[in-house]
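In: kindly generate the corresponding structure for this input.
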Amino acid sequence: MIIKMGKVYLVGAGPGDVAYLTVKAYRLLQTAQVLVYDALVDSQLLDCVPGNCLKIDVGKRGGQPSTSQTEINDLLVKYCLEGKQVIRLKSGDPFIFGRCLLEIAALKTAGCDFELIPGISSALAAPLLAGIPLTDNVLSRCFAVCTAHEPDTLNWEALASLETLVILMGGKNLPEIIHQMIKYGKSYSTPIAIIRWAGTPNQQIWTGELENILQQTAGLSLSPAVIVIGEVVRLRDYL
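Out: Below you'll find the model as predicted:
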């Protein structure tokens, strides 16, 4: 008796629109037998898999019941050991705040074969789609990317010293982000941009300064958003 071995592909879905999938990711989706996908994946991406593919939504949604990481790990192992071709579809790039290491550890422990497929991170794509270059030979010789999901864990003094800062998962904590930036030396007039639903037809962009961006976005839902802080935001007017 020949036992068919399954395989898990940890695939980056890009910033949103199906058009930003890599060719390899698209081809793999077309052969998927099981699709385990995140909450922020564009619904168009779900149409790329065969009609008989089992689709499992494991997206984590803030403040709502969601699938635990242990349950996700168990699903990947279960279907791989059943000999299935499993696609674990993650927003952006799997290694940019994608919790991939926990899933890889579970797969390795179970002896499951896996492969990583890169995707375009929203940290890079959102500023570009908004006309904001993250580097400039005068205004920004470096940039950093962080998540503000847990702002108390960040070294705000170090982050505020950088020329350009890109913040993911920070929409709900925008007031705290601004407070920390000003506390550690950023000027009230420092430019800031918020790009919501980057790379999708619903993309929205707000630009302003640390002193007035809260007034501009008062009462609005900013998730999912990419926040860019730094002088490069002003270049958007020219681009």
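In: what helices and strands are in contact with the top helix by length along the chain?
Out: In the chain, assigned by DSSP state H, the helix with the most residues is helix 69-81. If you count contacts as 3 or more C-beta pairs under 8 Å, 6 or more residues apart in numbering; DSSP states H and E, helix 69-81 packs onto strand 7-12, strand 34-37, strand 85-90, helix 100-109. C-betas here are computed from N, CA, C, even on glycine.
In: switch the cut-off to 6 Å
Out: Here helix 69-81 touches helix 100-109, going by 3 or more C-beta pairs under 6 Å, 6 or more residues apart in numbering; DSSP states H and E.
In: next, the buried residues of whichever helix or strand comes after the helix it packs on.
Out: Where DSSP states H and E defines the elements, the next helix or strand beyond helix 100-109 is strand 113-117. Under the neighbour-count criterion of 16 or more other C-beta atoms under 10 Å, strand 113-117 has Phe114, Leu116, Ile117 buried.
In: do the same with stretch 228-239
Out: Val228, Ile229, Gly230, Val232, Val233, Leu235, Arg236.
In: which of the buried residues of strand 113-117 sits closest to Gly185?
Out: Set against Gly185, the nearest of those by C-beta to C-beta is Leu116 (38.3 Å).
In: need the contact list for that closest one.
Out: Leu10, Pro94 (C-beta atoms under 6 Å, 6 or more residues apart in numbering).
In: bridged to it, which residues?
Out: Beta bridges link Leu116 to Leu10 when assigned by DSSP bridges.
In: output the buried residues of strand 113-117 as a markdown table; include the columns distance to Asp93 and pLDDT.
Out: Compiled in a markdown table, those are given as follows (distance: C-beta to C-beta, whole Å; pLDDT from 0 to 100):
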| residue | distance to Asp93 | pLDDT |
| --- | --- | --- |
| Phe114 | 16 | 97 |
| Leu116 | 10 | 98 |
| Ile117 | 9 | 97 |
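In: show me how the record splits the protein into domains.
Out: 7-117, 122-238 (the TED database).
In: going along the chain, name the strands of the protein.
Out: Counting by DSSP state E, the chain has strands at residues 7-12, 34-37, 54-57, 85-90, 113-117, 144-147, 164-168, 191-196, 204-209, 225-230.
In: output the fifth one as PDB, restricted to C-alpha atoms.
Out: By that I understand strand 113-117. C-alpha atoms of strand 113-117 as PDB (Å, rounded to 0.1, in the frame of the first residue of the first chain):
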ATOM      1  CA  ASP A 113       6.400  18.600   4.400                       C
ATOM      2  CA  PHE A 114       6.000  22.400   3.900                       C
ATOM      3  CA  GLU A 115       7.200  25.300   1.700                       C
ATOM      4  CA  LEU A 116       7.100  29.000   2.100                       C
ATOM      5  CA  ILE A 117       5.800  31.200  -0.700                       C
END
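In: how far off centre is it?
Out: Offset of strand 113-117 from its chain centre (C-alpha atoms, centre = their mean, to the nearest Å): 19 Å.
In: report the angle between that strand and helix 100-109.
Out: Counting by axes from the mean of the first three to the mean of the last three C-alpha atoms, to 10 degrees, strand 113-117 lies at 160 degrees to helix 100-109.
In: so which residue is smack in the middle of the chain?
Out: Closest residue to the average C-alpha location of the chain: Gly92 at 4.5 Å, with C-alpha atoms, centre = their mean.
In: quick revisit: can you redo the buried residues of strand 113-117 as TSV with distance to Thr70?
Out: Output for these, formatted as TSV (distance: C-beta to C-beta, whole Å):
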residue	distance to Thr70
Phe114	17
Leu116	21
Ile117	23
